[in-house]
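> Just to be clear, the model below is a prediction. Sequence and coordinates:
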Amino acid sequence: MADVSSTSIIIPAFNESASIGRVVSAVRGIGAWHQVIVVDDGSNDETAAQARAAGAEVVRHPYNKGNGAAVKSGVRRASGEYILILDADGQHQAGDALRLLERLGEYDLVVGARAAATQATSARRAGNTLLNWLAGYLTDRHIPDLTSGFRAARRSLFREFLHLVPNGFSTPTTTTLAFLKAGYSVDFVPIEARQRVGRSNIRFARDGAKFFLILLKIVTIFSPLRVFVPISLLTLLVGAGYAVWTIITQSHVTNSSVLLIMLAVVIFLVGLISEQISALRFESRSE
């Protein structure tokens with residue numbers, strides 16, 4: 001179990017003056033944390049002033065860089081052995097922070113997994129369900145909540161993947177996949193999320209494609225064959241099936257069939273090379 005006194009709390013915030021004071025006061029009221037850091041990501045309201053008045057250490061960006069950039073700034077400022085990240089919108093309950101810390105030590109990353117019924121709109125829930133399923137396939141691990149921003153980890157391990165985190169949204173997605181594919185132990189603790197204060201900055205239609213590309217990016221970095229093999233097999237089946245059909249109907253094999261089969265072989269070989277590059281990357285980092 002991680003000790004509260006050795007844990008730095010990081011709260012990225014953008015125009016969250018309506019809730020940030022209560023969030024900081026709530027977490028400070030349940031324990032003597034090593035630090036409570038609010039990263040004001042270029043807000044044009046009283047977010048920084050409200051956070052400071054509630055007793056937080058404030059890091060301020062001169063302009064809006066994105067949630068990921070705010071998390072990076074918080075991790076760089078943090079000096080505790082462990083870090084715990086939560087949203088500034090008031091949806092996370094302070095008491096759940098202690099439940100996450102109880103699992104640290106046995107696990108390297110602990111994520112607060114929200115119940116489906118507490119996740120905003122039905123469209124958002126459907127999108128998250130699809131992302132969770134796809135991430136589960138790519139990582140070969142059941143993932144109940146890929147996009148939860150409520151998470152705790154050892155600071156040194158989080159910094160290991162800091163260069164992979166994009167400046168915009170998707171820090172939760174990137175870190176969860178990176179920890180899983182790197183072989184670290186990840187646990188998901190069920191939590192009940194409250195309705196957020198104010199309006200979310202994430203748009204399902206706009207950001208859904210970004211989350212999907214991040215899934216592919218992380219998995220191709222850590223385990224490329226999980227992506228390349230299915231594509232290669234699909235191409236091979238289409239090419240072979242078309243070849244059989246043309247043999248039956250036209251008594252010869254077309255150039256299209258041959259090209260599809262050759263493409264399948266090329267994709268598979270590229271996957272093998274990518275897998276070797278991935279292995280060498282981790283071997284060099286471990287040395």
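Everything's here; your move. Numbering: from 1, shown residues only.

> Low-confidence ranges, the stretch 1-150 of the chain, go.
Within the stretch 1-150 of the chain, the ranges that satisfy pLDDT under 70 run 116-125.

> quick one, strands of it?
Here the stretch 1-150 of the chain has its strands, by DSSP state E, counting those that start in this stretch, at 7-13, 35-41, 57-61, 82-85, 109-114.

> and Thr246, which of these is closest to it?
Nearest to Thr246 among the strands of the stretch 1-150 of the chain is strand 109-114 (50.2 Å), distances taken as C-beta to C-beta. Bear in mind the C-beta positions are built from the backbone N, C-alpha and C, glycine included.

> before we move on, back to that, now the strands of the stretch 1-150 of the chain as JSON lines including distance to Leu263?
Formatted as JSON lines, the strands of the stretch 1-150 of the chain follow (distance: least, C-beta to C-beta, whole Å):
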{"stretch": "strand 7-13", "distance to Leu263": "43"}
{"stretch": "strand 35-41", "distance to Leu263": "44"}
{"stretch": "strand 57-61", "distance to Leu263": "46"}
{"stretch": "strand 82-85", "distance to Leu263": "43"}
{"stretch": "strand 109-114", "distance to Leu263": "38"}
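
> Reformat the ones you listed as CSV; add mean neighbour count and distance to Phe179.
What follows is those, written out as CSV (neighbours: other C-beta atoms under 10 Å; distance: least, C-beta to C-beta, whole Å):
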stretch, mean neighbour count, distance to Phe179
strand 7-13, 26, 17
strand 35-41, 26, 21
strand 57-61, 18, 24
strand 82-85, 27, 13
strand 109-114, 24, 4
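
> Just the buried residues of stretch 147-157, please?
147-155, 157 (16 or more other C-beta atoms under 10 Å).

> what's the closest of those residues to Lys65?
Comparing these against Lys65 with C-beta to C-beta places Gly149 closest, at 16.3 Å.

> follow-up on the earlier one: could you single out the nearest of the buried residues of stretch 147-157 to Pro62?
Of all those, Pro62 sits closest to Gly149, with 23.2 Å by C-beta to C-beta.

> distance of that closest one from Gly21?
Using C-beta to C-beta, to the nearest Å, Gly149 is found at 19 Å from Gly21.

> Trp33 now?
Taking C-beta to C-beta, one finds Trp33 at 16 Å from Gly21.

> Between these two, tell me which one has more neighbours.
Comparing Trp33 with Gly21 by neighbour count (other C-beta atoms under 10 Å), the higher total belongs to Gly21, at 21 against 18.

> My guess is the more buried one contacts Arg52. True?
No: Gly21 sits out of contact with Arg52 when judged by C-beta atoms under 8 Å, with a separation of 9.6 Å.

> what is the mean pLDDT for stretch 156-164?
The pLDDT scores in stretch 156-164 average 89.

> distance between the ends of it?
End-to-end span of stretch 156-164 (C-alpha to C-alpha, to the nearest Å): 15 Å.

> what residues does that stretch touch?
For stretch 156-164, contacts defined as C-beta atoms under 8 Å, 6 or more residues apart in numbering pick out 72, 75, 83, 108-109, 174-175, 178-179, 182, 184, 218, 221.

> Please, which helix or strand holds the most centrally placed residue in the chain?
A centroid search over the chain (C-alpha atoms, centre = their mean) returns Thr173, at 1.6 Å, as the residue closest to the centre. In this structure, Thr173 sits in helix 171-181 according to DSSP states H and E.

> just the strands in the stretch 151-287 of the chain please.
For the stretch 151-287 of the chain, strands defined by DSSP E, counting those that start in this stretch occupy the ranges 151-154, 186-191.

> so can I have JSON lines of these showing distance to Gly136?
Shown next, in JSON lines, are the strands of the stretch 151-287 of the chain (distance: least, C-beta to C-beta, whole Å):
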{"stretch": "strand 151-154", "distance to Gly136": "18"}
{"stretch": "strand 186-191", "distance to Gly136": "11"}
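
> The stretch 51-200 of the chain: helices as residue ranges?
67-77, 94-103, 122-139, 155-160, 171-181 (DSSP state H, counting those that start in this stretch).
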